[in-house]
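J.: Pasting the sequence and the predicted coordinates here, then a few questions.
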Amino acid sequence: MDSTPTRIVILGAGYVGLPLAIAFARQNNLVTNLDIDQEKVDALRRGSSSVTGVDSEELKTLIRDGKYTATSKAECIKIANVVIVCVPTPLSKSREPDLRPLRQALEAVAQFAQRGQLIILESTTYPGTTQELVVPRLEKAGFHPGEDLYVAFSPERIDTGNREYQLHNTPKIVAGINEISLQKALEVYELVVEKLVPVSSPTTAELAKLLENTFRAVNIGLANEVAVMASHLGVDPFEVIDAAATKPFGFMPFSPGPGIGGHCLPVDPLYLSWRMNHFAYEAKFISLADQVNQGMPDYVVNRVADGLNRSRLSLNGSRTLLCGVTYKPEVNDIRESPALEVMRLLESKGAHVDYLDPLVPHLPTRHGGKESIQLDSDFHSYDAVIVTTPHQQLPYDRLAKESRLLLDTRGAFRHRNISAPNIWSL
């Protein structure tokens, strides 16, 4: 590409869209984040980032230099050379794909798209989406995709909080609906990514993305089942997995926990199994892993109840503390966090539940509107303490000394070489 700044509009200013926008803006492109959440847009325009890994000071500098802006007005699509769709693809209440955000984004693109633009979908979705949803909507708007406007799919690979692999050094899969669409997409992404992986079709790229996260979900499901089996056998599941991981070939360790969370693992495999249902095919591994992973919050609560019973205490009326409510360590993201389901289940059984998480000082109203207790709180008053998400800031030594019953669901104490008779493994 020539040295002329590329005008890029990115739909979605969340954990995928915002880091991508910043990466392009750093390379002197003119980037606009388009988002329907006006409150988020207003915060971004002030230079305030709530996304882990996006520095507010850098954001302010890019705004001041005219490289970045945010808006809720879709008309900005008209002036773009490149339009990238990074909107959420959640599940509905019936645990089927909820394509409303994606369809809404495509409506905006179709309304304001211009000939010669490159349209890229990054949102994780079912295999066939680019050809079955994106292309037909653009055709309906009067375009000839691949000729007067170009279409590609390149799945996001953002791993929030990962300090080693970030956008620039994580290989990026890219596919176009035809050769010229692919080449244009490669030219765009080579501005911000070191290694590009072109594949033959958008459907191939869409399936590859779902395979990545299904692989993790299935293997975490296996690790969770190992944790349950280890409990029946009276051994520590983390010691078992650590021992198996010493084999230098043929084994990759995955850790058990209170469930799976985030925007990918609980969601993406179900997009694939839902798609396979259209071919009268059951994705058995996905179904079984989902069953195991979805059952872990119940298992955690039952382990707490067993521990209290051994101390002649009841779960009903107990004072319980959750340590960590984010879905993974060292991020401030609570999307689909299993800790929140553990909290709900404990309260449904009559427990009084507090939480401690310095990364999440307040929970949204939909999750009870609670506030985190302080790091220097007295833990003696709790009947049970559950480490649901380990964070570096948690006072592990004091938790081990002051807790009457401590359930370590992530192996945090083992990995810190802290032991006490009151610590239970998952």
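T.: Structure's in. What do you need?

J.: going forward, measure contacts and count neighbours with C-alpha atoms only.
T.: Fine.

J.: what comes up buried for the longest helix along the chain?
T.: Across the chain, the helix with the greatest residue count (assigned by DSSP state H) is helix 202-233. Going by neighbour count (16 or more other CA atoms under 10 Å), the buried part of helix 202-233 is 202-210, 213-214, 216-228, 230-231.

J.: can you check stretch 160-167 too?
T.: 160, 161, 166, 167.

J.: With stretch 23-42 instead?
T.: 23-26, 28-36, 40-41.

J.: Show me the residues you listed that map onto helices.
T.: Those of those lying in helices (DSSP H): 23, 24, 25, 26, 40, 41.

J.: what two of these are the furthest from one another?
T.: Maximum pairwise distance in those, criterion CA to CA, is 21.0 Å, between 26 and 40.

J.: just checking, residue 167 touches residue 191?
T.: No: look at residue 167 against residue 191 with CA atoms under 8 Å: they stay out of range, at 11.3 Å.

J.: Could you look up the SS state of residue 275?
T.: helix (DSSP: H, G, I helix; E, B strand; the rest coil).

J.: Next, count neighbours for it.
T.: Other residues lying near residue 275 total 20 when counted by other CA atoms under 10 Å.

J.: same thing with residue 273?
T.: 21.

J.: how far away is it from residue 125?
T.: As for residue 273, its distance to residue 125 is 11 Å (criterion: CA to CA, to the nearest Å).

J.: before we move on, the earlier item: from the ones in helices among the buried residues of stretch 23-42, which single one is nearest residue 366?
T.: residue 40 (18.3 Å).

J.: State the distance from that closest one to residue 85.
T.: 17 Å.

J.: Likewise for residue 319?
T.: According to CA to CA, residue 319 stands 45 Å off from residue 85.

J.: so can I have TSV of the buried residues of stretch 160-167 showing distance to residue 132?
T.: TSV is the format used below for those (distance: CA to CA, whole Å):
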residue	distance to residue 132
160	30
161	34
166	31
167	28
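
J.: Pick the one among the residues you listed closest to residue 137.
T.: For the buried residues of stretch 160-167, the minimum distance to residue 137 (CA to CA) is 29.3 Å, reached by residue 167.

J.: Residue 117 reaches residue 82, doesn't it?
T.: Yes: between residue 117 and residue 82 there is a contact under CA under 8 Å: 5.7 Å.

J.: For this structure, give me the ranges with low pLDDT.
T.: Residues of the chain meeting the criterion pLDDT under 70: 1-3.

J.: tell me the domain ranges of it?
T.: 7-202, 236-259+295-425, 260-294 (automatic domain parsing).

J.: When residue 319 and residue 85 are compared, which one has more neighbours?
T.: Neighbour comparison, residue 319 and residue 85: the larger count goes to residue 85, with 23 against 16 (by other CA under 10 Å).

J.: Ramachandran angles for that one?
T.: As for residue 85, its main-chain torsions (degrees, to the nearest 10) stand at phi -100, psi 120.

J.: Is it correct that it is in contact with residue 121?
T.: Yes: contact criterion CA under 8 Å: residue 85 and residue 121 qualify, at 4.8 Å.

J.: packing partners for the longest helix of the chain?
T.: strand 150-153, strand 172-176, helix 237-244, helix 268-277, helix 284-294 (3 or more CA pairs under 8 Å, 6 or more residues apart in numbering; DSSP states H and E).

J.: Tell me what angle that helix forms with helix 268-277.
T.: Helix 202-233 runs at 120 degrees relative to helix 268-277, counting by axes from the mean of the first three to the mean of the last three CA atoms, to 10 degrees.

J.: now the strands for the stretch 251-400 of the chain?
T.: Using DSSP state E, counting those that start in this stretch, the strands of the stretch 251-400 of the chain run over residues 319-323, 352-356, 384-387.
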